[in-house]
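>>> pasting a predicted model and its sequence here:
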Amino acid sequence: MNMKAISFLKPLPITDADSLIDVEVDRPSPQPRDLLVEIRAISVNPVDTKIRGGGGPHKSNETNTILLRIA
């Protein structure tokens, strides 16, 4: 089963049309020690802005970085 997600391929200014993209990804399957929860609201944290700006764990060899999964 697929779900929608918000992603980016590389850090771009938020005004760029390709700064955030909609993608379809596989719905995660919880393992025995995991929980799958439904999110009804989100917010932007300082870490989010740093990751979007090119800092943080984003690796240039990844195809995209998932910021938000939408059930």
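Arrived safely, thanks for sending.

>>> can you map out the helices along the chain?
46-52 (DSSP state H).

>>> determine the number of other residues adjacent to residue 10.
By other C-beta atoms under 10 Å, 13 other residues sit near residue 10. From N, CA and C alone the C-beta is placed, and that goes for glycine too.

>>> residue ranges with poor pLDDT in the protein?
Applying pLDDT under 70 to the chain flags the ranges 44, 48-49, 51-64, 67-71.

>>> quick one: the strands in it?
For the chain, applying DSSP state E gives strands covering 2-8, 21-26, 65-70.

>>> quick one: buried residues of the second one?
Residues of strand 21-26 classed as buried: residue 23 (neighbour count, 16 or more other C-beta atoms under 10 Å).

>>> which residues touch it?
1, 2, 3, 4, 5, 6, 7, 8, 9, 64, 66, 69 (C-beta atoms under 8 Å, 6 or more residues apart in numbering).

>>> need the strands of the chain in JSON lines (columns: distance to residue 40).
Output for the strands of the chain, formatted as JSON lines (distance: least, C-beta to C-beta, whole Å):
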{"stretch": "strand 2-8", "distance to residue 40": "15"}
{"stretch": "strand 21-26", "distance to residue 40": "19"}
{"stretch": "strand 65-70", "distance to residue 40": "11"}
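
>>> of the contacts of strand 21-26, closest to residue 37?
residue 69 (10.7 Å; C-beta to C-beta).

>>> re the thing from before, closest one to residue 43 among the strands of the chain?
Comparing these by C-beta to C-beta, strand 65-70 comes nearest, at 11.0 Å.

>>> out of the strands of the chain, nearest to residue 42?
strand 65-70 (6.3 Å).

>>> can I get the CA coordinates of stretch 26-45 in CSV?
Extracted in CSV, the C-alpha atoms of stretch 26-45 (Å, rounded to 0.1, in the frame of the first residue of the first chain):
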residue,chain,number,x,y,z
ASP,A,26,5.5,2.5,0.6
ARG,A,27,3.5,2.6,3.8
PRO,A,28,5.9,1.6,6.6
SER,A,29,5.3,-1.8,8.3
PRO,A,30,5.8,-1.6,12.0
GLN,A,31,8.1,-4.2,13.5
PRO,A,32,7.5,-5.8,16.8
ARG,A,33,8.9,-2.9,18.8
ASP,A,34,7.4,-0.1,16.5
LEU,A,35,4.2,1.9,16.5
LEU,A,36,2.5,3.3,13.4
VAL,A,37,0.6,6.5,14.3
GLU,A,38,-1.7,8.8,12.4
ILE,A,39,-0.6,12.4,12.3
ARG,A,40,-3.3,15.0,12.2
ALA,A,41,-1.2,18.2,12.5
ILE,A,42,2.4,19.2,12.0
SER,A,43,4.7,22.1,12.7
VAL,A,44,8.1,23.4,11.6
ASN,A,45,10.9,23.1,14.1
